[in-house]
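Peer 1: Got a sequence here, can you model it:
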Amino acid sequence: MRLLILFLFLSGFIFSQDTIEFYSRIVPIAIYPDTGLIKNHTYQYVEGGISFGAVDAGLTLGKLSNNGFLGIKINMDASQMGNFSNEFGIGCGWVFNGSLSLETQYTIMMRLNHYVNAGLSVNYVDISNKNFRNQYIIYGIFIRLGLSRDENGNIDTSLRTPKKGLR
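Peer 2: Presented below is the predicted three-dimensional model:
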């Protein structure tokens with residue numbers, strides 16, 4: 001399990017090719033307001049996938065409170081202003097307690113260098129099965145690894161480090 005998480009997180013550095021750009025995103029800590037202990041209101045995940053144009057499409061693996069989940073997510077660049085960008089994401093998945101998860105995400109991201117971005121996110125998560133339905137508004141921070149976006153929101157391939165022996 002930990003190797004899979006490490007693979008997804010580092011895929012933005014390891015597997016970037018000349019025609020396909022991989023990315024990874026990690027949310028080390030996010031919380032949602034609710035009654036009870038705050039340690040029971042955490043949301044953490046790693047995401048890894050492919051970037052093309054203004055879209056990131058990937059697989060997510062993480063936990064919400066004490067339940068693990070697996071899902072797919074599509075993030076799209078909504079606006080770009082200098083080193084800052086705004087993204088919108090939508091996803092769905094399976095919570096390991098037998099529930100369906102639907103998610104909408106809004107992020108504000110800052111480019112730290114050509115491959116590392118960090119930002120704030122607000123996620124709206126709806127989890128349901130035949131017995132219950134819960135809705136969460138989750139606030140968190142994230143780190144994205146992979147090539148940054150240009151002023152048009154596309155992956156900036158001019159930032160790619162040339163590989164030895166390739167032109």
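Peer 1: how much space between the residue lying closest to T42 once chain neighbours are set aside and I90?
Peer 2: Leaving aside its chain neighbours, T42 sits nearest to I31 (5.9 Å; criterion: C-beta to C-beta, 6 or more residues apart in numbering). Any C-beta I mention is one placed from the backbone N, CA and C, and that applies to glycine too. Counting by C-beta to C-beta, to the nearest Å, the gap from I31 to I90 is 21 Å.
Peer 1: center of the protein - which residue?
Peer 2: Closest to where the C-alpha atoms of the chain average out (C-alpha atoms, centre = their mean) is R25, at 4.3 Å.
Peer 1: any idea of the pLDDT on the residue nearest to N129 when sequence neighbours are not counted?
Peer 2: Spatially, and ignoring its direct neighbours in sequence, N129 is nearest to S99 (4.3 Å; C-beta to C-beta, 6+ apart). We have a pLDDT of 92 for S99.
Peer 1: burial count for S99?
Peer 2: By other C-beta atoms under 10 Å, the residues close to S99 number 20.
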